[in-house]
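**Student:** whatever this is, show me its structure:
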Amino acid sequence: MDFGLSADQLLFQQTLRRFLAEQCPMTRVRAIMETETAHDLALWQGLCGLGVPGLIVPAEHGGGGLELLDLALAAEELGYACTPGPFLGHALATICVIEGASEEQRGHWLPTMAEGTSIGTVAWGEAGSQWNPEHWATFYEGGTLSGEKLFVPFANVADVLLVGARNAEGSVRLYRVEREAPGITITPLAVVDMTRKVQHVRFERTPATPLEGPPSGLQRAIDAGCILVAADAFGGSRRCLEMAVSYAKTREQFGQVIGAFQAVKHQLANMACELEPALSLWWYAAHAYDHIRDQCERHAAMVKAHLTDLYDRMTRDATELHGGIGFTWEFDLHLWFRRAIFDRGFLGDAHYHRERAARLAGW
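**Tutor:** Sure thing, here's the model as predicted:
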């Protein structure tokens, strides 16, 4: 069995990495994240030109017809580069339509989402960091939505929101809402990660369109989100390790580079030994999403818990290895530290997902 990436996947990953290195250096990341929206249209159009928004969209709807692993490879590179913008929310909204809409709805909505000319996002989390659909209070009745959603990525940029809500029958389904629909209020939230801004969205009898596909579409989208966040966390962790190694090779103390000290060597070695096995973990979860569907939910929960925990440790260890400079605003490392905090909380923390994984395993 071949556990490596295909030649096409490697070429795509290398192409995206070069694009981000050239078009999204840290100076541009900082400039974009300090704007009101943290969204740069030219950068987004560049990603659209590479086909990133449409990677997982079926070919008959204008996309690449690829698998979640391909989309997760893009998430890894975007995390490595600390790329600002609406990628995550748009990717999840696209998966909501693919997995939860009818064929007619997919035909209407997916072509522009694949092009990136119509940007989507998801509105799932509720007060109290509630990411469990069983406890959501947002309600759909009579063609309208009422309720509140927190931590909605780029709600003020997205053209459409894919909202999880409970209906009169008591089941939780997906609903499509236009950003300019009446009864919707979008309020910016002050959060740590400035590269992925989120908003508080309130619905007051807001017109909404139910997705008419399988009810499993919501859970499938949540599983995909866990895997994409894990891939982002791996990419960010890899960048933090590289920064720490580079710094240890150049920073001198007591007449020699600090990388010569045994304690620093051990800390870097521990970081590398934790990071490398995590690669196969999220690759397998992404593979299971398309090919071992009955195991996907458990693996998605495990990979979300492990990779976001790892990202948190990697950013902390890298900051400590940098000493005082690692804590300064002028040094870039804190931007990944901030992304790690976002990844840790979005879609539920590690404790929540470990409990889910244990329950799904029958423990």
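**Student:** what residues of stretch 26-38 count as buried?
**Tutor:** Within stretch 26-38, the residues that count as buried by 16 or more other CB atoms under 10 Å are 28, 29, 30, 32, 33, 37, 38. Where C-beta positions appear, they are placed from N, C-alpha and C, glycine not excepted.
**Student:** my bad, should have said stretch 347-354
**Tutor:** Under the neighbour-count criterion of 16+ other CB under 10 Å, stretch 347-354 has 347, 348, 349, 350, 352, 353, 354 buried.
**Student:** and residue 205, what element?
**Tutor:** Per DSSP states H and E: residue 205 is located in strand 198-207.
**Student:** other residues contacting that strand?
**Tutor:** Defining contact as CB atoms under 8 Å, 6 or more residues apart in numbering, one finds that strand 198-207 is touched by 123, 138, 143-156, 161, 163, 177-178, 181-189, 191.
**Student:** now do that strand, average pLDDT.
**Tutor:** When pLDDT is averaged over strand 198-207, the result is 97.
**Student:** now the helices for the stretch 51-200 of the chain?
**Tutor:** In the stretch 51-200 of the chain, the segments counted as helices under DSSP state H, counting those that start in this stretch are 68-80, 87-100, 103-115.
**Student:** follow-up on the earlier one: which ones among the contacts of strand 198-207 lie within strands?
**Tutor:** Counting by DSSP state E, these place 123, 144-153, 161, 163, 177-178, 184-188 in strands.
**Student:** just send the buried residues of stretch 347-354 back as JSON lines, with secondary structure too.
**Tutor:** Shown next, in JSON lines, are the buried residues of stretch 347-354 (DSSP: H, G, I helix; E, B strand; the rest coil):
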{"residue": "347", "secondary structure": "coil"}
{"residue": "348", "secondary structure": "coil"}
{"residue": "349", "secondary structure": "coil"}
{"residue": "350", "secondary structure": "helix"}
{"residue": "352", "secondary structure": "helix"}
{"residue": "353", "secondary structure": "helix"}
{"residue": "354", "secondary structure": "helix"}
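**Student:** residue 130: which of the helices of the stretch 51-200 of the chain is closest?
**Tutor:** helix 87-100 (17.3 Å; CB to CB).
**Student:** residues in contact with residue 13?
**Tutor:** Residues in contact with residue 13 (CB under 8 Å, 6+ apart) are 5, 73, 74, 76, 77.
**Student:** give me the element it is part of.
**Tutor:** Assigned by DSSP H and E, residue 13 falls within helix 7-23.
**Student:** quick one: buried residues of that helix?
**Tutor:** Buried, per 16+ other CB under 10 Å, within helix 7-23: 12, 13, 16, 19, 20.
**Student:** same check on stretch 89-99?
**Tutor:** Those would be 89, 90, 91, 92, 93, 94, 95, 96, 97, 98, 99, for stretch 89-99 by 16+ other CB under 10 Å.
**Student:** need the helix or strand of the chain with the lowest average pLDDT.
**Tutor:** The weakest-scoring helix or strand in the chain, judged by mean pLDDT, DSSP states H and E, is strand 252-253 (a mean of 80).
**Student:** where along the stretch 201-350 of the chain do the strands fall?
**Tutor:** All strands of the stretch 201-350 of the chain, identified by DSSP state E, counting those that start in this stretch, fall at 209-210, 252-253, 256-257.
**Student:** any idea which of these is most buried?
**Tutor:** Greatest average neighbour count among these goes to strand 209-210 (a mean of 16), per mean count of other CB atoms under 10 Å.
**Student:** brilliant, that's me finished.
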